[in-house]
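> need coordinates for the below:
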Amino acid sequence: MKAKHTEFARGLPSAASSASIFFFCGPDEAGASAAAAKIIAALPDAGERIEMSGGDLRRDPALLGDEARSSSLFGDTRHIYVRASGDEAHDALKALIDTSDAGAGDAAPIFIVATAATDKSRTAKLLEKRKDALVAMFYPPDLMSVAASVRAMADGAGLRLGGDLAERVARAAGLDVRLAQSEIDKLALYMDAGPQTPKTASVEDYAEIGAATEEDGFGPVVNAVMGGDLAKLPNELRRMKELGLNPVGLTLALERRAAQLAMIGAKLGKRGSIDNLGRGEKAQLGIFWKEEREIRQQLGNWQGVVGRGSKERKLDRLIPRLVALHRNLLANSQTAELLLAQDLTQIARFAAKR
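Next up is the predicted model:
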């Protein structure tokens with residue numbers, strides 16, 4: 001079955017209740033991740049979360065079925081969460097489906113967030129006609145749609161947003177619904193608001209706790225790191241500390257750029273060029289004139305293979321690295337700035353290698 005990404009802004013698609021395999025793809029990795037989190041939260045008993053990477057499944061396609069049909073240590077339920085790139089999970093899913101159809105038994109719910117994949121990919125084609133699977137493609141969000149999501153988040157948290165505050169939060173979060181949810185949670189805590197004790201928040205209230213906007217903070221750091229600009233990086237790291245930029249928010253901005261480069265690379269193929277894209281195609285891929293030069297350069301840095309004789313591209317290593325960094329920052333909030341600075345330096349050095 002297939003669903004439109006807009007259905008998730010209103011709630012959950014009706015097909016979600018009957019599916020056990022979820023394949024969320026497209027250039028908006030944040031939206032895909034948020035949709036997966038929404039469905040997991042709605043499960044009667046989500047149980048233990050088992051995280052896997054697309055690289056793990058590509059190396060061992062049988063691993064997915066083994067984990068999905070295993071019991072947790074204490075006999076509780078579980079669900080499988082996979083972060084993949086492109087069609088990395090295809091063979092593992094096909095093996096799982098073949099064994100399920102042959103009577104291998106029930107499997108835990110499986111959620112796959114696949115950057116650089118589309119609803120026309122091999123994996124999507126494998127799943128889209130099955131009644132036990134749901135495929136959705138998430139496009140780059142626009143300000144109005146994210147602002148609408150922010151208002152829905154605020155309603156759930158007991159906040160009434162005055163004026164253009166929803167749009168302000170959406171901009172500050174770089175149109176990332178995960179970071180926007182974090183901002184709403186902070187604002188509700190600051191206002192001592194809740195579903196039973198709703199409060200009205202003003203622009204001035206948000207200014208007290210709000211994140212710096214991406215234009216003011218994240219963008220230059222992202223471009224220095226992804227562009228391998230080792231000369232600019234020390235100043236950007238210093239500015240990051242001075243502005244007090246949110247380490248997790250910055251990591252999410254890097255994840256979005258990595259996912260965008262992967263999607264552009266998949267669209268162009270081996271010999272394609274950004275020059276061959278029409279204005280509409282560029283807009284769909286998030287390539288706007290303001291950053292087109294930086295994106296061109298970064299695509300050149302990250303499209304190369306890891307080493308001579310290798311078929312693994314640098315982006316294949318970057319995306320799992322950023323996911324691991326994100327998880328590490330959440331687990332070590334006290335030392336997040338130091339951990340982030342170290343990883344950003346290593347990623348920039350890797351980007352600079354030709």
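
> surely P198 is in contact with A154?
No - using Cβ atoms under 8 Å, P198 is not in contact with A154; the gap is 9.5 Å. The C-beta positions use only the backbone N, C-alpha and C, and glycine is treated the same way.

> between these two, what contacts are shared?
R160 (Cβ atoms under 8 Å, 6 or more residues apart in numbering).

> where's the closest residue to A84 other than its chain neighbours relative to A172, distance?
Excluding its sequence neighbours, the residue lying closest to A84 (Cβ to Cβ, 6 or more residues apart in numbering) is G54, at 2.8 Å. According to Cβ to Cβ, to the nearest Å, G54 and A172 sit 31 Å apart.

> what helices and strands are in contact with the helix or strand bottoming out on mean pLDDT in the chain?
Ranked by mean pLDDT, DSSP states H and E, the helix or strand of the chain with the weakest confidence is helix 7-10, at a mean of 76. If you count contacts as 3 or more Cβ pairs under 8 Å, 6 or more residues apart in numbering; DSSP states H and E, helix 7-10 packs onto helix 29-42, helix 143-157.

> buried stuff in the very next helix or strand once past the longest one?
If I follow you right, that is helix 143-157. Scanning forward in sequence from helix 143-157 by DSSP states H and E, the next helix or strand is strand 159-161. By neighbour count with 16 or more other Cβ atoms under 10 Å, strand 159-161 contains the buried residues 159, 161.

> just checking, next helix/strand downstream of strand 159-161?
helix 165-172.

> what is the very next helix or strand once past that following helix packed up against?
Proceeding C-terminally, helix 165-172 gives way to helix 177-191 as the next helix or strand, assigned by DSSP H and E. Counting contacts by 3+ Cβ pairs under 8 Å, 6+ apart, helix 177-191 packs against helix 29-42, helix 143-157, strand 159-161, helix 165-172, strand 199-201, helix 203-209, helix 247-268.

> and the angle from the longest strand along the chain to helix 29-42?
If you go by DSSP state E, the chain has its longest strand at strand 78-85. Inter-element angle recorded for strand 78-85 and helix 29-42: 170 degrees (by axes from the mean of the first three to the mean of the last three Cα atoms, to 10 degrees).

> now the angle between helix 247-268 and strand 78-85, please.
60 degrees.

> distance from strand 78-85 to the middle of the chain?
12 Å (Cα atoms, centre = their mean, to the nearest Å).

> list the helices and strands the next helix or strand after it packs on?
Toward the C-terminus, strand 78-85 is succeeded by helix 90-101 as the next helix or strand (DSSP H and E). Counting contacts by 3+ Cβ pairs under 8 Å, 6+ apart, helix 90-101 packs against strand 21-25, helix 54-59, helix 62-68, strand 110-115, helix 122-127.

> which one of those lies closest to N246?
Within the helices and strands packed on helix 90-101, the stretch nearest N246 is strand 110-115; the backing value is 21.4 Å (Cβ to Cβ).

> contacts for that closest one?
Against strand 110-115 from outside (Cβ under 8 Å, 6+ apart): 20-25, 27, 29, 32-33, 36, 39-40, 54, 64, 68, 79-89, 93, 96, 121, 123, 258-259, 262-263, 319.

> repeat for stretch 236-246
Looking at what lies outside stretch 236-246 - Cβ under 8 Å, 6+ apart - the contacts are 179, 182, 211-212, 216-218, 220-221, 224-225, 250, 337, 340-341, 344-345.

> F23 touches V135, doesn't it?
Yes - here F23 reaches V135: they are 4.8 Å apart, a contact under Cβ under 8 Å.

> more neighbours: which of the two?
Between F23 and V135, counted using other Cβ atoms under 10 Å, the more crowded position is F23 (31 against 26).

> so what's that one up against?
F23 neighbours (Cβ under 8 Å, 6+ apart): 89, 93, 112, 114, 117, 123-124, 127, 133-136.

> for it, which residues make a bridge with it?
In this entry, F23 is beta-bridged to I112, V135, by DSSP bridges.

> any idea of the pLDDT on it?
F23 carries a pLDDT value of 97.

> can you give me phi and psi for the closest residue to I40 other than its chain neighbours?
Spatial nearest neighbour of I40, chain neighbours left out: A46 (5.2 Å); criterion: Cβ to Cβ, 6+ apart. Backbone torsions of A46, given as degrees, to the nearest 10, read phi -70, psi -30.

> burial check on A46, number of neighbours?
Applying other Cβ under 10 Å, I find that A46 has 16 neighbouring residues.

> hey, where'd the helices end up in the stretch 201-350 of the chain?
With DSSP state H, counting those that start in this stretch, the ranges of helices along the stretch 201-350 of the chain come out as 203-209, 218-226, 233-243, 247-268, 279-284, 292-302, 314-331, 336-352.

> perfect, that will be all.
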